[in-house]
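*Asks:* structure for this input, please:
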Amino acid sequence: MQESLTMLKNSARVDWREARRQSARATVLAAAWEMVRADGLAALPLRDLARHAGITTPTVYAYFDSKNAIFDAMFGEAAESFADSKVELVDKGDHYENLAADAKNFIEFCVSDVARYQLLFQHSVPGFIPSPQSYAPAVRALELTREQLARYGVRDPRQVDVWTALLTGLVDQQISNDPGGDRWTRLVDDVVRMFLTHCSREEDHS
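*Replies:* Prediction:
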C-alpha cells in the first residue's frame with residue numbers, strides 16, 4: 001500500500017511539473033506570436049521576448065534551447081491550424097463552388113495573420129528549417145488539397161503545383177500591395193474558373 005501511494009505521489013509530481021512546463025512554453029510562444037505579429041518575424045530578440053513574457057532570458061532557454069527551437073514550435077502551431085482549416089471539405093454540390101470556397105478559406109487564413117503565413121509559406125527566417133514533427137501537419141494539409149483536387153479530376157502534380165502557385169500568388173499580391181483590402185482576394189472566382197478550364201482542356205487533349 002505504501003509503495004502504491006509513493007508511486008501515485010511521484011506520478012502526480014511528474015504530471016504537475018509537465019503541466020507547468022507546458023504552461024510556461026505556451027506563455028513564451030504566445031508572447032513570441034504577439035511580437036512577430038506586431039513587428040515581423042525578424043523582431044524576436046530573446047531578451048525582449050523574455051521581458052514580454054514576464055520571465056528572464058535564462059528561463060526562456062530552460063524551455064527552448066535556441067531561437068530556432070521557438071520558431072519550430074511556432075511553425076508546428078501554425079501548421080496544425082492550417083491542417084485543421086482543411087479537414088472539413090466544402091460541399092456545395094458543384095466543383096467550381098467547392099474549389100472557390102476552399103480557395104477563399106485558404107486566402108482568408110493567410111491574409112488574416114501575415115506573420116503566420118510568412119513563417120509557413122515564405123521561409124522568411126534565415127537558417128530555419130522546421131523539424132519533421134512540426135512540418136508533418138503541413139504535409140497532411142497538402143495531401144488534403146491533393147485529395148480535394150482529385151475529386152474534381154485534377155490529379156497531375158503539375159496542375160497541383162499551378163493551383164498552389166496561383167493561391168499563394170494572390171496572397172502575396174494582397175499582402176504586399178493592398179494590405180487590409182481586397183484587390184487581389186476578390187479575383188478568386190476568376191482564378192478558379194481559369195484553372196478548372198485549363199485543367200479540363202488538358203484532360204481533353206491527353
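*Asks:* which ones are touching Asp189?
*Replies:* Applying C-beta atoms under 8 Å, 6 or more residues apart in numbering, one finds that Asp189 lies in contact with Ala100. Any C-beta I mention is one placed from the backbone N, CA and C, and that applies to glycine too.
*Asks:* only alpha carbons, please: show the helix or strand harbouring it as PDB.
*Replies:* Applying DSSP states H and E as the criterion places Asp189 in helix 188-204. Extracted C-alpha coordinates of helix 188-204, given in PDB (Å, rounded to 0.1, in the frame of the first residue of the first chain):
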ATOM      1  CA  VAL A 188     -10.500  34.200 -56.600                       C
ATOM      2  CA  ASP A 189     -13.600  33.400 -58.700                       C
ATOM      3  CA  ASP A 190     -11.900  34.300 -61.900                       C
ATOM      4  CA  VAL A 191      -8.700  32.400 -61.000                       C
ATOM      5  CA  VAL A 192     -10.700  29.300 -60.100                       C
ATOM      6  CA  ARG A 193     -12.600  29.400 -63.400                       C
ATOM      7  CA  MET A 194      -9.400  29.800 -65.400                       C
ATOM      8  CA  PHE A 195      -7.800  27.000 -63.500                       C
ATOM      9  CA  LEU A 196     -10.600  24.500 -64.000                       C
ATOM     10  CA  THR A 197     -10.900  25.500 -67.600                       C
ATOM     11  CA  HIS A 198      -7.200  25.000 -68.200                       C
ATOM     12  CA  CYS A 199      -7.300  21.500 -66.500                       C
ATOM     13  CA  SER A 200     -10.300  20.400 -68.500                       C
ATOM     14  CA  ARG A 201      -8.600  21.400 -71.700                       C
ATOM     15  CA  GLU A 202      -5.500  19.500 -70.800                       C
ATOM     16  CA  GLU A 203      -7.700  16.500 -70.000                       C
ATOM     17  CA  ASP A 204      -9.400  16.700 -73.400                       C
END
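*Asks:* pull out the buried positions in that helix.
*Replies:* Buried residues in helix 188-204, counted by 16 or more other C-beta atoms under 10 Å: 188, 191-192, 195-196, 199.
*Asks:* domain ranges for the protein, per the record?
*Replies:* The chain resolves into domains spanning 1-65, 68-206 when parsed by automatic domain parsing.
*Asks:* can I get the buried residues of helix 188-204 in CSV with pLDDT?
*Replies:* Output for the buried residues of helix 188-204, formatted as CSV (pLDDT from 0 to 100):
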residue, pLDDT
Val188, 96
Val191, 96
Val192, 94
Phe195, 95
Leu196, 91
Cys199, 89
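*Asks:* quick revisit: out of the domains of the chain, which one sits most buried?
*Replies:* domain 68-206 (a mean of 16; mean count of other C-beta atoms under 10 Å).
*Asks:* OK, contacts around the closest residue to Gly127 other than its chain neighbours?
*Replies:* Nearest non-adjacent residue to Gly127, counting by C-beta to C-beta, 6 or more residues apart in numbering: Asn68, 7.0 Å away. Listed by C-beta under 8 Å, 6+ apart, the contact set of Asn68 reads 125, 127-128.
*Asks:* reformat these as a markdown table; add secondary structure and distance to Ala62.
*Replies:* Listed next are the contacts of Asn68 as a markdown table, based on DSSP: H, G, I helix; E, B strand; the rest coil; distance: C-beta to C-beta, whole Å:
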| residue | secondary structure | distance to Ala62 |
| --- | --- | --- |
| Val125 | coil | 22 |
| Gly127 | coil | 23 |
| Phe128 | coil | 21 |
